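[1] The following comprises the amino acid sequence and a computationally predicted model.
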Amino acid sequence: MIITLLQLTQMIIGCWINLKAWEFKKNGEICQVTDENLKVSLVMYGTYFLLFAQFFLGSYIFKSSRDKKKQKDEVIKKID
(Lines give C-alpha, C1' and ligand atoms only; values in the text may rest on other atoms or scores of the structure.)
Protein backbone atom coordinates (compact mmCIF):
# COMPACT_ATOMS: atom_id res chain seq x y z
CA MET A 1 0.00 0.00 0.00
CA ILE A 2 2.81 2.40 0.88
CA ILE A 3 4.59 1.76 -2.42
CA THR A 4 1.41 2.48 -4.37
CA LEU A 5 0.87 5.70 -2.40
CA LEU A 6 4.45 6.73 -3.17
CA GLN A 7 3.87 6.01 -6.86
CA LEU A 8 0.70 8.11 -6.83
CA THR A 9 2.66 10.91 -5.17
CA GLN A 10 5.35 10.62 -7.83
CA MET A 11 2.76 10.98 -10.60
CA ILE A 12 1.20 14.03 -8.94
CA ILE A 13 4.62 15.68 -8.59
CA GLY A 14 5.44 14.82 -12.21
CA CYS A 15 2.22 16.48 -13.41
CA TRP A 16 2.88 19.50 -11.19
CA ILE A 17 6.42 19.95 -12.56
CA ASN A 18 5.14 19.73 -16.13
CA LEU A 19 2.43 22.29 -15.46
CA LYS A 20 4.98 24.63 -13.83
CA ALA A 21 7.32 24.30 -16.83
CA TRP A 22 4.40 25.08 -19.16
CA GLU A 23 3.55 28.12 -17.02
CA PHE A 24 7.15 29.36 -17.21
CA LYS A 25 7.15 29.00 -20.99
CA LYS A 26 3.77 30.74 -21.23
CA ASN A 27 5.15 33.69 -19.25
CA GLY A 28 8.11 34.01 -21.65
CA GLU A 29 10.73 32.59 -19.31
CA ILE A 30 13.48 30.40 -20.67
CA CYS A 31 12.76 26.69 -20.37
CA GLN A 32 14.72 24.02 -22.21
CA VAL A 33 11.77 21.61 -22.39
CA THR A 34 9.92 21.45 -25.69
CA ASP A 35 6.16 21.79 -25.91
CA GLU A 36 5.98 18.30 -27.40
CA ASN A 37 7.88 16.86 -24.45
CA LEU A 38 5.60 18.65 -21.98
CA LYS A 39 2.49 17.29 -23.68
CA VAL A 40 3.76 13.72 -23.89
CA SER A 41 5.07 13.62 -20.32
CA LEU A 42 1.87 15.14 -18.95
CA VAL A 43 -0.16 12.46 -20.73
CA MET A 44 2.23 9.80 -19.42
CA TYR A 45 2.09 10.99 -15.81
CA GLY A 46 -1.68 11.46 -15.99
CA THR A 47 -2.21 7.97 -17.41
CA TYR A 48 0.05 6.36 -14.83
CA PHE A 49 -1.75 8.27 -12.08
CA LEU A 50 -5.11 6.93 -13.25
CA LEU A 51 -3.78 3.37 -13.48
CA PHE A 52 -2.19 3.47 -10.02
CA ALA A 53 -5.30 5.12 -8.56
CA GLN A 54 -7.50 2.41 -10.05
CA PHE A 55 -5.20 -0.26 -8.65
CA PHE A 56 -5.10 1.40 -5.23
CA LEU A 57 -8.86 1.80 -4.98
CA GLY A 58 -9.55 -1.73 -6.21
CA SER A 59 -6.91 -3.36 -4.03
CA TYR A 60 -7.15 -1.44 -0.78
CA ILE A 61 -10.32 0.65 -0.59
CA PHE A 62 -13.16 -1.13 -2.37
CA LYS A 63 -12.21 -4.75 -1.75
CA SER A 64 -15.35 -6.79 -2.22
CA SER A 65 -16.59 -9.22 0.38
CA ARG A 66 -16.18 -11.96 -2.25
CA ASP A 67 -12.43 -11.29 -2.36
CA LYS A 68 -12.24 -11.39 1.43
CA LYS A 69 -14.12 -14.71 1.48
CA LYS A 70 -11.80 -16.11 -1.20
CA GLN A 71 -8.75 -15.12 0.86
CA LYS A 72 -10.27 -16.67 3.97
CA ASP A 73 -10.97 -19.92 2.08
CA GLU A 74 -7.36 -20.00 0.83
CA VAL A 75 -6.02 -19.58 4.38
CA ILE A 76 -8.25 -22.40 5.60
CA LYS A 77 -7.00 -24.67 2.78
CA LYS A 78 -3.39 -23.95 3.74
CA ILE A 79 -4.10 -24.82 7.36
CA ASP A 80 -5.72 -28.14 6.45
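    In hand now; what should we look at?
[2] Check the offset of the longest helix belonging to the chain from the chain's centre.
    For the chain, the longest helix by residue count, based on DSSP state H, is helix 2-26. Here helix 2-26 shows a centroid-to-chain-centroid distance of 10 Å under the convention Cα atoms, centre = their mean, to the nearest Å.
[3] After that helix, heading C-terminal, what element do we hit next?
    helix 35-56 (DSSP states H and E).
[4] Tell me which other helices or strands that next one touches.
    Packed against helix 35-56, as judged by 3 or more Cβ pairs under 8 Å, 6 or more residues apart in numbering; DSSP states H and E, are the following elements: helix 2-26. In this view, the C-beta of every residue, glycine as well, is placed from N, C-alpha and C.
[5] For stretch 30-46, what does the pLDDT average out to?
    For stretch 30-46, mean pLDDT is 93.
[6] Buried residues of it, list them for me.
    Using 16 or more other Cβ atoms under 10 Å as the test for burial, stretch 30-46 gives Cys31, Leu38, Ser41, Leu42, Tyr45.
[7] Thanks a lot, see you next time.
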